[in-house]
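Q: Pasting the sequence and the predicted coordinates here, then a few questions.
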Amino acid sequence: MLRDITPATGRKTIRQARALRRIMSLPGVLLWQVLRSRPHGLKFRRQHPAGAFVLDFWCADARLAVEVDGRAHDDGARAVRDRERDAWLGQNGITTLRIPASEVLQDTAAVADAIAAHARARLPLGHPAAAQNG
């Protein structure tokens with residue numbers, strides 16, 4: 001269960017997530033085109049609310065958040081907020097995988113395969129997707 005969530009925060013984050021789905025970045029759109037097909041039997045969601053944050057991509061079974069980071073994430077204030085988000089997620093048992101946007105643009109399929117492999121490694125024993133080959 002996620003901690004420190006008030007009903008007002010939850011509603012605001014849900015509205016924000018819905019808005020962000022309509023204005024995804026090019027790397028986000030490209031990655032979503034692959035992840036939405038459930039690679040290796042894994043279900044991903046895009047722009048998923050988590051506490052006061054919106055995750056770029058979320059795999060609930062693996063408790064994995066995937067963030068696509070563009071140049072803006074190198075900025076001092078943004079980097080601090082990213083660290084705070086990662087810490088909050090970690091306190092709630094969620095691992096964050098950060099992917100540079102440039103890598104997504106360079107080879108979307110390879111990035112999606114790496115994300116799926118990372119997620120599969122985090123699945124609980126006996127999960128159907130953990131047993132799939134390749």
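A: Structure received. Everything quoted here is computed from the prediction, not taken from an experiment. Residues are numbered from 1 along each chain as shown.
Q: Tell me where the chain has strands.
A: According to DSSP state E, the chain carries its strands in the segments 45-50, 53-59, 64-69, 95-100.
Q: can you list contacts of the second one?
A: In this case it means strand 53-59. Residues outside strand 53-59 that contact it (C-beta atoms under 8 Å, 6 or more residues apart in numbering) are 13, 16-17, 20, 28, 31-32, 35, 42-50, 64-68, 85, 88-89, 115, 119. Bear in mind the C-beta positions are built from the backbone N, C-alpha and C, glycine included.
Q: Please work out the average pLDDT along that strand.
A: Average pLDDT, strand 53-59: 91.
Q: so it versus strand 95-100, what angle?
A: 90 degrees (axes from the mean of the first three to the mean of the last three C-alpha atoms, to 10 degrees).
Q: Would you list the strands that strand 53-59 pairs with, along with their directions?
A: Within its sheet, strand 53-59 is paired with strand 45-50 (antiparallel), strand 64-69 (antiparallel), according to DSSP bridges.
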